[in-house]
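> Build me a model:
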Amino acid sequence: MVDEYKSFGEFFKHLRKKKKITLREFCLQASADPANISRLERGAMPPPQDTDILERYAKALGIEVGSNDWYTFFDLAAADRGIVPKDLMSDSEVVRMLPAFFRTLRCQKPTKEEMRKLADKIKKS
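Residues are numbered from 1 along each chain as shown. The predicted model follows:
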């Protein structure tokens, strides 16, 4: 689902409109500044980095914890800020595999050992 949306702001606006609430109504529910939310939706402002704020926004948008929309919301927020999601960074095994993953994305071949470890991690998931 992440690839359907170019940015966090686009996904955010889609969810708000899907719920049929105005920007001002959302801001009242989420205790947010309308000017900032407008900038966020237009991509003129990056998503908040603070998880509590993102969770407050997700709740106001009616996103169910653990749903595909939940992960898309947080993953797009991290991607737009140029960071790896915090839940992934807390898994030391995933962190050790990131260099192989990045090389693969750059079309560089990871080592056999890195591929084995990555395959093992995927199998355990």
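
> Look at the most centrally placed residue in the chain and report its pLDDT.
Nearest to the centroid of the C-alpha atoms of the chain, with distances taken as C-alpha atoms, centre = their mean, sits Asp75, at 1.5 Å. On pLDDT, Asp75 comes in at 93.

> does it sit in a helix or strand, and which one?
Using DSSP states H and E, Asp75 falls within helix 68-81.

> Could you measure from Asp91 over to Met97?
Going from Asp91 to Met97 by C-beta to C-beta, to the nearest Å gives 9 Å. Using the backbone N, CA and C atoms, a C-beta is placed for each residue, glycine as well.

> Also Arg24?
Relative to Met97, and taking C-beta to C-beta, Arg24 is found at 44 Å.

> for Lys124, what are its contacts?
If you count contacts by C-beta atoms under 8 Å, 6 or more residues apart in numbering, Lys124 has none.

> if we can go back for a sec, okay, Arg24 and Met97: which has more neighbours?
Met97 (19 against 12; other C-beta atoms under 10 Å).

> dump the residue contacts of that one.
Residues near Met97 by C-beta under 8 Å, 6+ apart: 114, 117-118, 121.

> From these, which land in strands?
Cross-referencing the contacts of Met97 against strands under DSSP state E gives no overlap.

> Of those, which is the nearest to Tyr57?
Proximity of those to Tyr57 (C-beta to C-beta) peaks at Lys121, which lies at 30.9 Å.

> Does the closest one touch Val95 like I think?
No - Lys121 lies out of contact with Val95 (C-beta atoms under 8 Å); the separation is 11.2 Å.

> Give me the buried positions along the lowest-mean-pLDDT helix or strand in the chain.
Ranking every helix and strand in the chain by mean pLDDT, DSSP states H and E puts helix 112-124 at the bottom, with a mean of 77. Residues 114, 117-118 are the ones in helix 112-124 that count as buried (16 or more other C-beta atoms under 10 Å).

> got it, and stretch 61-74?
For stretch 61-74, a neighbour-count test (16+ other C-beta under 10 Å) marks 61, 63, 69, 72-74 as buried.

> returning to what we had before: what's the next secondary structure element after the helix holding Asp75?
From helix 68-81, the next helix or strand downstream (DSSP H and E) is helix 86-89.
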